[in-house]
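Q: Pasted the sequence and its predicted model underneath.
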Amino acid sequence: MPTITAEKKLFLKERELGALLEITQAINQDHTEAALYKIFQFTLLGQLNIRRLVLYVKEEGEWECTVSFGAGLPDFRKVPLPPAIADRSTAAPCLLRDLPGLGTAWENLEIVIPVVRNGVVLAQVIIGNVYEDYAGEEATKFLQTLSNILVGAIENRRLGRQRVASAAMRKEIEIAREVQTMLFPRTLPNDAHVAVHASYVPHTAVGGDYYDVVELDADRFLFCVADVSGKGVAASLLMSNFQAGLRTLMRQKVDLATVAQELNNLIFRNAGGDKFITVFFGLYDRRTRELTYVNAGHNDPLLIPDSGPILPLKEGTIMLGVMDELPMLKVGRLTVPPRSLLLAYTDGLTEVFDADQNEFGEEGVLDVLQHTRYAPLRTVHSELLREITAFDRSGSGFADDVTILSCRFK
């Protein structure tokens, strides 16, 4: 390599400062990432006379070529980064001729310069056909520094966007959680005729389960347990629509068949068939002890009398929101015997698996009820939750929300 005069060194330093100024100005002017990569390309070509350059950046664990220019080079945007380069964890530049298995696509490139931040390789700068006066260790270090400034700025922008998006999502989830909390009734019936208790354990920050109890008059109250497909904000919003529709219909004193049909229409219109809700509606008359109900594709609630067989409440129709009209809708009717217990729940209670993939199931629920059915309702719920937690101890965790609503008819 020829000796570089002091005048030439000064000239090259001025070029480096010019390149540094162009890159930092571009970053401060808030250009897009694509524009920054283009400015980086033109700066190296114009200021430093680097005539072949390829830049790979690691995004979400994958290497992506963001800059590729120079005569005789293929379009590296279509060329995967070879393991010999991709797997390098060192910050030291390396001559390509010292790396095995690169192939002919890389023969016109000379050196790979890693861009490292906090001990992590974020990018690989590969250059070739460097101007003879601009070569050597000092030049390589400047190229590494310049690339680090660019890639670091782009990474900071990406992290900034992620923080903003995460903050917005947290706020959205917080609002949805507040909306969901407001949907649940503040008080539940507990009088000489009936006692009602409910438990709700969300699987995620915003779940898709819902329960409600609506006092219609001195004698009658409606209760329901529901599960919307999906989770999160969308499920919470659909549930709020469901509750508003339900309460509007109950103020109009319509029968359960009409309630189910109208809510089905509401959900179908709002969700377009993409989401559905399984729900159990029960309407109890304290004076006559009559329970009318509709089971719309939900887990069968269990009516456990003081003596005699357990009765699963099956009558109803399909889940709401799948079709514009509910087929074969039937309303169940029965007289509730004294000292009966009714347990309604969502599938999160039964779809719990142990390490051998055995399901807790309805059988597990009945086993718990055998020795707790006369206990206070709060104890019944806590025992059910304790049992499914113990059942899952060697399993993979709960996969869904758990909602339990029970009625003790006195």
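A: Now that the structure is in, tell me what you want to look at.
Q: Which stretches in the stretch 51-200 of the chain count as helices?
A: Taking DSSP state H, counting those that start in this stretch as the test, the helices found in the stretch 51-200 of the chain are 83-86, 137-183.
Q: which parts of the first one are buried?
A: Just to be clear, that refers to helix 83-86. Applying a neighbour-count criterion of 16 or more other CB atoms under 10 Å, one finds Ala84, Ile85 buried in helix 83-86. C-beta coordinates here come from the backbone N, C-alpha and C atoms, glycine included.
Q: Figure out how far it is from the centre of its chain.
A: 33 Å (CA atoms, centre = their mean, to the nearest Å).
Q: Okay, and the beta partners of the spatially closest residue to Pro301 that is not a sequence neighbour?
A: In space, and not counting its chain neighbours, Pro301 is closest to Ala344: 3.9 Å by CB to CB, 6 or more residues apart in numbering. The partner list for Ala344 in beta bridges (DSSP bridges) reads Leu405.
Q: rank the helices of the stretch 51-200 of the chain by pLDDT, which is bottom?
A: Of all the helices of the stretch 51-200 of the chain, helix 137-183 carries the lowest average pLDDT, namely a mean of 73.
Q: can I assume Ile154 is in contact with Ala34?
A: No. Contact criterion CB atoms under 8 Å: Ile154 and Ala34 do not qualify, at 10.3 Å.
Q: pLDDT below threshold where in the stretch 301-410 of the chain?
A: Filtered on pLDDT under 70, the stretch 301-410 of the chain yields the residue ranges 394-399.
Q: how is this structure carved up into domains?
A: 6-162, 184-409 (automatic domain parsing).
Q: winner for burial among those?
A: Of all the domains of the chain, domain 184-409 carries the top mean neighbour count, a mean of 18, counting by mean count of other CB atoms under 10 Å.
Q: out of the domains of the chain, which comes closest to Lys171?
A: Proximity to Lys171 (CB to CB) singles out domain 184-409 among those, at 10.6 Å.
Q: now that closest one, how far from the centre of its chain.
A: 25 Å.
Q: quick one: terminal-to-terminal distance for that domain?
A: Terminal residues of domain 184-409 lie 22 Å apart, using CA to CA, to the nearest Å.
Q: repeat for stretch 78-88
A: Using CA to CA, the end-to-end distance of stretch 78-88 comes to 21 Å.
Q: what does it contact?
A: 56, 63, 65, 94, 99-103, 105-106, 112, 114, 121, 124, 126 (CB atoms under 8 Å, 6 or more residues apart in numbering).
Q: Closest one to Glu363 out of these, please.
A: Trp63 (51.8 Å).
Q: Name whatever forms a beta bridge with that closest one.
A: Going by DSSP bridges, Trp63 forms beta bridges with Lys58.
Q: I'd say it and Val57 touch.
A: Yes. The pair Trp63 / Val57 is scored as a contact, 7.5 Å apart, by CB under 8 Å.
Q: all strands in the stretch 201-350 of the chain, in order from the N-terminus.
A: 209-215, 220-228, 277-285, 290-296, 302-304, 311-312, 316-317, 332-335, 340-345 (DSSP state E, counting those that start in this stretch).
Q: and the first one with helix 137-183, angle?
A: Translated: strand 209-215. 20 degrees (axes from the mean of the first three to the mean of the last three CA atoms, to 10 degrees).
Q: cool, the second one as well?
A: Interaxial angle of strand 220-228 relative to helix 137-183 (the same axes, to 10 degrees): 160 degrees.
Q: What mean pLDDT does strand 220-228 get?
A: Strand 220-228 comes out at a mean pLDDT of 93.
Q: on contacts alone, who are the packing partners of that strand?
A: Strand 220-228 is packed against strand 209-215, helix 232-251, strand 277-285, strand 340-345, strand 402-409, with contacts defined by 3 or more CB pairs under 8 Å, 6 or more residues apart in numbering; DSSP states H and E.
Q: rerun at 6 Å
A: The helices and strands touching strand 220-228, judged by 3 or more CB pairs under 6 Å, 6 or more residues apart in numbering; DSSP states H and E, are strand 209-215, helix 232-251, strand 277-285.
Q: Excluding chain neighbours, what is closest to Pro185?
A: Val213 (4.9 Å).
Q: The residue nearest to Pro301: what's it in contact with?
A: Val225, Phe280, Pro301, Leu405 (CB atoms under 6 Å, 6 or more residues apart in numbering).
Q: switch to 8 Å and redo it
A: By CB under 8 Å, 6+ apart, the neighbours of Ala344 are Tyr211, Phe223, Val225, Phe280, Gly282, His298, Asn299, Pro301, Ile404, Leu405, Ser406.
Q: who's the fourth one bridged to?
A: Right, the one you point to is Phe280. As assigned using DSSP bridges, the partners bridged with Phe280 are Val225, Asn295.
Q: ok, it touching Ala296?
A: Yes. Phe280 lies in contact with Ala296 (CB under 8 Å); the separation is 7.3 Å.
Q: what's the overlap in contacts for these two?
A: Gly316.
Q: ok, back up a step: from the contacts of Ala344, which single one is nearest Glu362?
A: Asn299 (7.9 Å).
Q: gap between that closest one and Asp400?
A: Using CB to CB, to the nearest Å, Asn299 is found at 11 Å from Asp400.
Q: hey, what's in contact with both of those two?
A: What both Asn299 and Asp400 touch, as defined by CB under 8 Å, 6+ apart, is the set Thr346, Asp347.
Q: if we can go back for a sec, which of the helices and strands packed on strand 220-228 has the lowest average pLDDT?
A: Among those, helix 232-251 scores lowest, with a mean of 81.
Q: want to try JSON lines for the helices and strands packed on strand 220-228, with distance to Leu45 as columns?
A: JSON lines is the format used below for the helices and strands packed on strand 220-228 (distance: least, CB to CB, whole Å):
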{"stretch": "strand 209-215", "distance to Leu45": "60"}
{"stretch": "helix 232-251", "distance to Leu45": "48"}
{"stretch": "strand 277-285", "distance to Leu45": "61"}
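Q: Is Pro189 in contact with Val213, as I believe?
A: Yes. If you go by CB under 8 Å, Pro189 and Val213 touch, sitting 6.5 Å apart.
Q: So for these two, which residues contact both of them?
A: With CB under 8 Å, 6+ apart as the test, Pro189 and Val213 both reach Val196, Phe221.
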